[in-house]
Each structure stands twice: as C-alpha cells, then as structure tokens.
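[1] build me a model:
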Amino acid sequence: MCSPTIALTVASVASAGLQYKQGKAQQKAQYAQQVRQNELARKNAVARYASAQLKIRQTLAKASQSDLKGTLKARKARATYIAGVGDAGGLALSGSTNSLLANYHRTEGNFRNAIRNNMNINISQFERNLEAIQFGQESQSTYLTPPNSKLLFATQALNVANTYYSLKFQQQQAGLMTGAEKDAQTDSVVEVPTSYDI
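    Numbering: from 1, shown residues only. A predicted model of the protein is given here:
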C-alpha cells in the first residue's frame with residue numbers, strides 16, 4: 001500500500017515535469033518572438049535608411065540641375081550682352097558695362113550660394129534623420145533572453161522538495177507516523193516476558 005505522502009510526492013513530480021516542459025516551451029517561444037522583433041526593427045531601419053538616402057540623392061540631383069540651369073542662364077545673358085555691346089561699335093567695355101557684368105556675376109554667385117546653403121541644411125537634416133532612424137531601431141528592439149532550462153529544472157526540483165517536506169511537516173504536526181516509522185518503532189520495542197521461570 002502506498003502512503004499518501006508518496007502519492008502526493010509522485011503527483012508533485014509529475015506536475016513539476018509538466019510545468020518544466022511547458023516553461024521551457026514558453027521560454028523558447030518568447031526568445032523566438034524577441035529575435036523576430038529585432039529582425040523586424042532591423043528591416044524597418046534598413047528600409048527607412050534607403051528611403052532617406054534616396055530622398056537626399058534626389059535633392060542633390062535637383063540642386064545640381066538648378067545650379068547648372070542658373071549658370072547657363074547667367075552665361076547666356078552675359079554672352080548676349082557682350083555680343084550686343086560688341087556689335088554696337090566694337091568699343092571697349094565701359095565702367096557702367098563692367099558694373100552690369102559684375103552684377104550678373106554677383107547674382108549668379110548669390111544664387112549658387114543659396115543652393116549650397118540649402119543643400120547644407122538638407123544634408124544636416126538627412127544626418128539627423130539617420131540618427132532618428134537608428135534611435136527608432138534601438139527603441140523597437142528588445143533584449144534577448146535565451147531559454148535557461150537549468151534554472152527552470154532547478155526551480156521545479158525545489159518545488160518538488162518543498163512539497164515533499166511540507167507534507168512531512170504536516171504529518172508530524174498531526175502526529176501521524178509513516179509505515180517506515182511504525183516499523184522502526186516496533187523493532188525498537190523489546191518484549192518483556194510476563195512470566196519468569198524460576
């Protein structure tokens with residue numbers, strides 16, 4: 001016959017085994033989810049980096065085209081003006097003519113400086129966007145906690161031991177003895193003869 005303590009301990013061991021198996025599966029699933037989350041954060045950051053880089057390349061190309069158009073327009077205006085002055089009699093350029101040409105050069109230089117300043121602002125903003133993307137990836141990523149089956153096993157083993165010793169303590173508090181304790185007590189009792197042979 002099986003004592004209640006042994007039966008409860010066996011049930012506790014079986015329960016601990018199931019809890020260990022379930023806990024291990026849960027830890028593996030949680031770890032896999034963390035890995036997926038970090039991979040999604042990385043893919044999102046890569047896509048945002050590519051988008052930001054495409055935008056800055058397009059902005060640089062647009063600025064370059066504007067600069068080229070401005071330069072060509074200024075050169076064409078100067079060439080037309082100089083050709084017109086030259087046709088007027090082949091005279092050397094006067095002071096007012098030189099002032100007008102200097103004004104063309106100044107306007108062209110201001111235009112090109114404005115384009116450069118705008119590009120510097122765009123590049124600074126691009127760099128801030130890259131930092132924000134990196135921060136976003138870090139904030140979307142999670143810490144990886146790999147499964148720890150040794151700790152889980154130790155926890156379940158301690159739970160079984162705790163259950164066993166709790167049952168033993170409850171038995172002692174109730175004044176109950178196990179079969180082994182009864183046998184030990186019977187073996188230690190010495191039979192006293194009731195009659196003496198004289």
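[2] which residues sit in contact with the most centrally placed residue in the chain?
    Central residue check for the chain by CA atoms, centre = their mean: the C-alpha nearest the mean position is that of residue 141, 1.2 Å away. By CB atoms under 8 Å, 6 or more residues apart in numbering, the contact set of residue 141 is 37-38, 41-42. In this view, the C-beta of every residue, glycine as well, is placed from N, C-alpha and C.
[3] ok, the residues you listed vs residue 30, which is closest?
    Taking CB to CB as the measure, residue 30 lies nearest residue 37 of the contacts of residue 141, at 10.5 Å.
[4] now the closest one: closest residue in space, sequence neighbours ignored.
    In space, and not counting its chain neighbours, residue 37 is closest to residue 142: 5.1 Å by CB to CB, 6 or more residues apart in numbering.
[5] you'd agree the one you found is up against residue 36?
    No. At 9.8 Å, residue 142 does not count as touching residue 36 under the criterion of CB atoms under 8 Å.
[6] tell me the SS of residue 144?
    coil (DSSP: H, G, I helix; E, B strand; the rest coil).
[7] I'd assumed residue 33 was in contact with it.
    No. Shown here, residue 144 and residue 33 do not form a contact pair, counting by CB under 8 Å, at 10.3 Å.
[8] which stretch of helix or strand covers residue 101?
    Of the helices and strands defined by DSSP states H and E, residue 101 is found in helix 95-140.
[9] chain center to that helix, what's the gap?
    Average the C-alpha atoms of helix 95-140, do the same for its chain, and the two points are 35 Å apart (CA atoms, centre = their mean, to the nearest Å).
[10] I'd like to know which elements that helix is packed against.
    helix 4-87 (3 or more CB pairs under 8 Å, 6 or more residues apart in numbering; DSSP states H and E).
[11] so which elements touch the helix it packs on?
    Right, helix 4-87 is packed against helix 95-140, helix 149-174 by 3+ CB pairs under 8 Å, 6+ apart.
[12] show me just the buried residues among the contacts of residue 141.
    By the neighbour-count criterion of 16 or more other CB atoms under 10 Å, the contacts of residue 141 include these buried positions: 38, 41.
[13] okay, the contacts of residue 141 in TSV with pLDDT and distance to residue 58 next?
    Formatted as TSV, the contacts of residue 141 follow (pLDDT from 0 to 100; distance: CB to CB, whole Å):
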residue	pLDDT	distance to residue 58
37	90	32
38	91	31
41	90	26
42	90	25
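[14] roughly how far apart are the closest residue to residue 122 other than its chain neighbours and residue 132?
    Using CB to CB, 6+ apart and skipping residues adjacent in sequence, the residue nearest residue 122 is residue 59, 5.1 Å away. The span separating residue 59 from residue 132 equals 17 Å under the rule CB to CB, to the nearest Å.
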